[in-house]
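Novice: Have a look at this fold, sequence not included:
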């Protein structure tokens, strides 16, 4: 079957079309969902894309959390539906208390826009299922507030439960424990700062994002995409990092 | 009903790194402010609340701070509340 994936459009989102394009290229049936819609039940998975939802007023995600669609997203997540927040979407998920912790201004107070190396550190989420722990991916980041922080007890839980799904190899923003992405207890809600949709074509410098989005499509019940994941999965950690982007 | 003027000062909780405050503090000696330290950045909100008494107003403002004006993971709020002129 084809996975139907809803990509939420908040006022101020700016990565929604990239996400739709990337998902469609992997065989999913992706479409936009307006933030004023109250339900996402017609989808097999939901993505909150990057951008500046509601202008990032007050704090990133602070107002988006009250968009009508978020009640539907929370219900969908509680029922086990796959939900992924990318960048600003991650910030929205923490503000909505669907994921723990918060995202602060980057250490160094600089906006970061670069492609970085991340390591898959858990395969127990809908975004990393089928990937191998230790697998290395090159994925772009593009944020000012990506410095993940949480209290020590939460961090201990995240570690013990295998809920840190991605870590930076060379921490760019000061995130505690090099965290680039985490998931909830059930593994069906994932937030990450890197943009997998921007690493889906060789022209973009990396195709490593396809492994992550492919895993999500598989988790959403999409058959076609999962088959393709193995051929585009990122380089193993033992491989030379520079080959990660040089696959034919 | 009494109208109360409210000032909410939101700042990062103790122990949470404040790179903005630190950067401001590092700039001060260049301007000759050599005895200023402990700079913490934050934001402030002013609004009015109508309530039957101060206690009720405070409860409402505290709730508002917790649910919207702060992210309790990283921020604290200091509330000043006075009868509006």
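Specialist: Looks like it came in fine. These numbers were taken from a predicted model, which means no experiment stands behind them.

Novice: Phi, psi for the closest residue to chain B within chain A please.
Specialist: Using Cβ to the nearest Cβ, residue A:102 is the residue of chain A that sits closest to chain B, at 4.0 Å. Just so you know, the C-beta spots here come from the backbone N, C-alpha and C atoms, and that holds for glycine as well. Torsion angles at residue A:102 (phi, psi; degrees, to the nearest 10) stand at phi -150, psi 160.

Novice: show me where the chain has helices.
Specialist: No chain in the question, so chain A it is. Using DSSP state H, the helices of chain A run over A:16-25, A:68-78, A:88-95, A:152-160, A:209-219, A:223-232.

Novice: not what I meant, chain B
Specialist: Ranges of helices in chain B, per DSSP H, are B:19-27, B:54-64.

Novice: Show me what the last one is in contact with.
Specialist: To tie it back to what came earlier, the one meant is helix B:54-64. B:2, B:4, B:6, B:8, B:49, B:51, B:77, B:79, B:81 (Cβ atoms under 8 Å, 6 or more residues apart in numbering or on different chains).

Novice: Closest one to chain A out of these, please.
Specialist: Top of the list for closeness to chain A, among the contacts of helix B:54-64 and by Cβ to the nearest Cβ, is residue B:8 at 11.8 Å.

Novice: Go ahead and confirm that closest one touches residue B:76.
Specialist: No. Counting by Cβ atoms under 8 Å, residue B:8 stays clear of residue B:76, with 10.5 Å between them.

Novice: contacts for the helix or strand bottoming out on mean pLDDT in chain B?
Specialist: Every helix and strand of chain B was ranked by mean pLDDT, DSSP states H and E. The lowest is helix B:19-27, at a mean of 91. For helix B:19-27, contacts defined as Cβ under 8 Å, 6+ apart pick out A:105, A:106, A:107, A:108, A:109, B:12, B:36, B:37, B:38, B:39, B:40, B:41.

Novice: and which of those residues is nearest residue A:145?
Specialist: Nearest to residue A:145 out of the contacts of helix B:19-27 is residue A:105 (Cβ to Cβ; 5.3 Å).
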